[in-house]
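Visitor: Just need the structure, nothing else, for what follows:
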Amino acid sequence: MGYTAVHPVWGRLDASLDDLGCGRAWTDIHRVNGLELVCPECRGRVFARVSQRSFRHFYHQVRPKDCELANESPEHHLLKLELAMAARAAGWRAELEVSSEARNWRADVMVFDEQDRPFMALEAQLSPMTPQDARMRTDRYAQDGVAVCWVAVQDRPWERVVPSLRVRFPQQRGETWTVCHGLARYTWSPRMLKTKAKWVHITCPLGDAIKWILDGRVRAHTGANGTVWWTAPAYEDLAVARARMEAEAEAVERAAAAERRRLKAEQQAAAAAQRRRDVEQRARERAQKRQAELQRLAGFFEHAGLDAAVWETFTQMVRSASDKAIRYGNPSPSHGNGLLVYARPRSASDGFTLAGVVCPDPSALAEWPKELTILVPNQTWLSRIQAAARTPLKVAVLNPVTGRSNFVRVAPDRAAPVGSNGGNEMAAGFTRQRGGAGRRPTDGADR
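Guide: Below you'll find the model as predicted:
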């Protein structure tokens, strides 16, 4: 059933209007024999009738399956009528079942502005519809300059993507249609950034909601997540103020974070620069210590005939041969003016002990301690030691020029090279040397 019909002379008839929208009375068409009325949708013949609930409408003589007006549900029929009555009660001209000239849309209720131009369609949408279809149909209205408000009676996926209202049917006689979703206000009190703010859907009579929409007191608003609802401009302004405050706070936080990053980068750069300075300072100190050590040992180098330039290499070979931490003492007259070498196992925490002597004068070898290793830089020194030996001696030949090491056990009349058992025992004795062959270095002699 529908609310509209077409008369061949009077034109369009609207059963919801007292004058049928054409200046005629209901009695002119109700139960009048021979009256030719047709459906505006399918052009099938229709007749005027009053329902058991006293609603005036038109019904088809033969209901066609493909005519939407002929197959509307009672709920859709009642909601459509309620929307038209609400628009009229708000002071607007509203007509039911209005189609465009191109017939690319048909509004359940079309509301006209002061210049009699269609400007708002009220659609009772009770059948299923996809969000994509809802957008497409809304855009189709917009192409003709017509806004639309979709009205449903239950939660539908599409109501979040187009301007819509969700309403409740009256449960008993005398109750009004009620909007329960789609109309929202913005709550934010007190208006401080730390106070939570949110959109809250309100409940109101359908007539009030339709009047607010048509009068422009509320308008369609799209939230940050794409959801659409109706709200008052003042609430939009409040939401904008909140968003602006959040943006300003976020900008302040970003600036503060950037400043923290800048300070941190400066601190890191300063720390890196300080580390570089510390490394350079330690390098200078080591160089100064090496230079001071070389100056301290200048007399010894002259005595031993050593080039100061290879002393660092010789020292590394001593450490490698002993596998210990070493320090140099002073040239010792009691050891033929040879340079005392003190050693300590790398894992030990106690002090250094005398482990060897570098280049002692061969004349001092007569009473040489049996376990004290002699260290020499070349074969020439080894020959001198061999020639002057009066007791068995352990000699480590560490050549800084060639980088070769050799351990020799020297007897008073012959020498055993490292390949013999005696040479291996001598080398092991040097690396295991402890106290008893000398004394601990004094602070002044510890190098």
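Visitor: and the closest residue to Thr227 other than its chain neighbours, what is it in contact with?
Guide: Nearest in space to Thr227, with sequence neighbours left out and distances taken as Cβ to Cβ, 6 or more residues apart in numbering, is Arg160 at 4.7 Å. For the C-beta atoms, the positions are set from N, CA and C on the backbone; glycine is no exception. If you count contacts by Cβ atoms under 8 Å, 6 or more residues apart in numbering, Arg160 has them with Pro131, Gly226, Thr227, Val228.
Visitor: pLDDT score for Arg160?
Guide: Arg160 is assigned 93 on the pLDDT scale.
Visitor: how about the helices in this structure?
Guide: Using DSSP state H, the helices of the chain run over residues 74-89, 131-143, 206-214, 233-296, 298-304, 311-322, 379-388, 421-431.
Visitor: And the fifth one, what does it pack against?
Guide: Contact partners of helix 298-304 among helices and strands, from 3 or more Cβ pairs under 8 Å, 6 or more residues apart in numbering; DSSP states H and E: strand 324-332.
Visitor: In the sheet, which strands lie alongside the strand it packs on, parallel or antiparallel?
Guide: strand 338-345 (antiparallel) (DSSP bridges).
Visitor: Tell me the buried residues in the strand it pairs with?
Guide: Neighbour counts over strand 338-345 (16 or more other Cβ atoms under 10 Å) mark Gly338, Leu339, Leu340, Val341, Tyr342, Ala343, Arg344 as buried.
Visitor: which one of those residues is nearest Asp19?
Guide: Nearest to Asp19, judged by Cβ to Cβ, of these is Arg344 at 120.1 Å.
Visitor: what about the nearest residue to that closest one once chain neighbours are set aside, how many residues close to it?
Guide: Nearest-residue entry for Arg344: Phe352, 4.6 Å, with adjacent residues in sequence omitted and distances by Cβ to Cβ, 6+ apart. Per other Cβ atoms under 10 Å, the neighbour tally for Phe352 reads 19.
Visitor: pretty sure Phe352 contacts Tyr342?
Guide: Yes: in this structure, Phe352 is within contact of Tyr342 by Cβ atoms under 8 Å, at 3.7 Å.
Visitor: where does this structure dip in pLDDT?
Guide: 413-447 (pLDDT under 70).
Visitor: Name the residue closest to the centre of it, please.
Guide: Arg254 (14.8 Å; Cα atoms, centre = their mean).
Visitor: With Glu248 as the reference, measure out to that residue.
Guide: Arg254 is 11 Å from Glu248, where distance means Cβ to Cβ, to the nearest Å.
Visitor: before we move on, what about Cys149?
Guide: On the measure of Cβ to Cβ, Cys149 and Glu248 end up 35 Å apart.
Visitor: And the two? Which one has more around it.
Guide: Cys149 (23 against 11).
Visitor: Surely the more buried one touches Pro163?
Guide: Yes: counting by Cβ under 8 Å, Cys149 touches Pro163, with 5.4 Å between them.
Visitor: shared neighbours of the two, anything?
Guide: Shared contacts of Cys149 and Pro163 (Cβ under 8 Å, 6+ apart): Trp230.
Visitor: residues touching the closest residue in space to Val410 that isn't next to it in sequence, list them.
Guide: Among residues not flanking Val410 along the chain, Leu393 sits closest, at 4.2 Å (Cβ to Cβ, 6+ apart). By Cβ under 8 Å, 6+ apart, the residues touching Leu393 are Leu365, Trp368, Ile374, Ile385, Arg409, Val410.
Visitor: returning to that earlier point: closest to Gly356 out of the helices of the chain?
Guide: Proximity to Gly356, assessed across these by Cβ to Cβ, is greatest for helix 421-431 (6.4 Å).
Visitor: Could you pull out the strands in the stretch 101-250 of the chain for me?
Guide: Ranges of strands within the stretch 101-250 of the chain are 106-112, 118-124, 147-152, 164-168, 178-181, 184-187, 198-201, 204-205, 219-222, 228-231, based on DSSP state E, counting those that start in this stretch.
Visitor: which one of the ones you listed lies closest to Arg327?
Guide: strand 198-201 (76.5 Å).
Visitor: list the helices and strands the closest one packs on?
Guide: Using 3+ Cβ pairs under 8 Å, 6+ apart: strand 198-201 touches strand 184-187, strand 228-231.
Visitor: Report the distance from that strand to the chain centre.
Guide: Between the centre of strand 198-201 and the centre of its host chain there is 29 Å, according to Cα atoms, centre = their mean, to the nearest Å.
Visitor: So in that sheet, which strands flank that strand, and in what orientation?
Guide: Applying DSSP bridges, one finds strand 198-201 paired with strand 184-187 (antiparallel).
Visitor: residues making contact with the partner strand?
Guide: Applying Cβ under 8 Å, 6+ apart, the contact partners of strand 184-187 are 197-202, 221, 229-232, 235-236, 238-239, 242.
Visitor: Can you select the buried ones among these for me in PyMOL?
Guide: Command for PyMOL that selects the buried part of the contacts of strand 184-187, burial taken from 16+ other Cβ under 10 Å:
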select buried, resi 197+221+229+230+231+232+235+238+239+242
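Visitor: what residues are up against Glu72?
Guide: Glu72 is in contact with Met1, Gly2, Lys80, counting by Cβ under 8 Å, 6+ apart.
Visitor: and which of those is nearest to Asp278?
Guide: Nearest to Asp278, judged by Cβ to Cβ, of the contacts of Glu72 is Lys80 at 86.2 Å.
Visitor: got the contact list for that closest one?
Guide: Neighbouring residues of Lys80 by Cβ under 8 Å, 6+ apart: Tyr3, Glu72, Leu96, Glu97, Asp108, Val109, Ala124.
Visitor: mind redoing it with 10 Å?
Guide: By Cβ atoms under 10 Å, 6 or more residues apart in numbering, Lys80 lies in contact with 2-3, 16, 72, 96-97, 107-109, 122-124, 126, 151.
Visitor: now it: how far from His57?
Guide: In this view, Lys80 and His57 are 11 Å apart by Cβ to Cβ.
Visitor: what sits in contact with each of these two?
Guide: Common contacts of Lys80 and His57 (Cβ under 10 Å, 6+ apart): Gly2, Tyr3, Ser16, Glu72.
Visitor: Which PyMOL command selects the buried ones in these?
Guide: Per 16+ other Cβ under 10 Å, the buried members of the shared contacts of Lys80 and His57 correspond to this PyMOL selection:
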select buried, resi 2+3+16+72
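Visitor: Among the shared contacts of Lys80 and His57, which pair sits farthest apart?
Guide: Spatially, the most separated pair among the shared contacts of Lys80 and His57 is Ser16 and Glu72, at 13.9 Å (Cβ to Cβ).
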